[in-house]
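Undergrad: I would like to see how this sequence folds:
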Amino acid sequence: MLLLRNYQSHEETMRILNRKYKIAQMKCKERKLKREIRRLSFPFRFTIQFNKFIVLLSIAAIVSYTVAAVFLQKYTMTELSPTLTTCVYAFFGTELIGLAGIKICDTRSAGQETDIHENNIPFSLSEDEETLP
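TA: Numbering: from 1, shown residues only. Here you go, the predicted structure:
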């Protein structure tokens with residue numbers, strides 16, 4: 001009895017799969033509706049750009065590492081590895097400098113684009129001035 005399988009016809013299999021597909025669609029719509037209700041129930045929406053999140057994360061990591069290093073040195077009377085300290089500050093400092101460089105370059109390129117568009121003054125020569133010597 002254990003070796004016998006329940007074989008289904010193609011129509012039965014398709015009917016079952018269509019039913020599962022419809023259930024999955026209904027669940028997807030339900031999840032979207034719940035997400036929309038949750039989003040509308042908050043009085044404000046807090047979003048943060050990725051680069052600002054990385055800057056905050058880097059600053060928090062540097063401050064927390066510094067505080068932990070000071071406390072460990074105070075209570076254990078031993079210094080953390082200078083190599084580890086150098087690597088932590090170098091990594092997060094490089095991240096901050098890189099993001100600052102990207103921001104500066106974007107600001108400069110945006111400023112140059114507006115200057116170019118502002119300085120392009122369309123003019124046309126009158127018929128008299130077209131034949132200047």
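Undergrad: okay, now Leu96: neighbour count?
TA: Neighbours of Leu96 under the rule other C-beta atoms under 10 Å: 15. For the C-beta atoms, the positions are set from N, CA and C on the backbone; glycine is no exception.
Undergrad: now for it: which residues touch it?
TA: For Leu96, the contact set (C-beta atoms under 8 Å, 6 or more residues apart in numbering) comprises Val55, Ser58, Ile59.
Undergrad: where does pLDDT dip in this structure?
TA: 1-6, 45, 113-133 (pLDDT under 70).
Undergrad: so in it, which helix runs the longest?
TA: Scanning the chain for the longest helix, with DSSP state H as the assignment, gives helix 82-119.
Undergrad: pull out the buried residues from it.
TA: Val88, Phe92, Glu95, Leu99 (16 or more other C-beta atoms under 10 Å).
Undergrad: which of the contacts of Leu96 sits closest to Ala110?
TA: Ala110 has its nearest neighbour among these in Val55, at 19.3 Å by C-beta to C-beta.
Undergrad: which residue is nearest the centroid of this structure?
TA: Phe50 (3.7 Å; C-alpha atoms, centre = their mean).
Undergrad: please consider this matter closed, and thank you.
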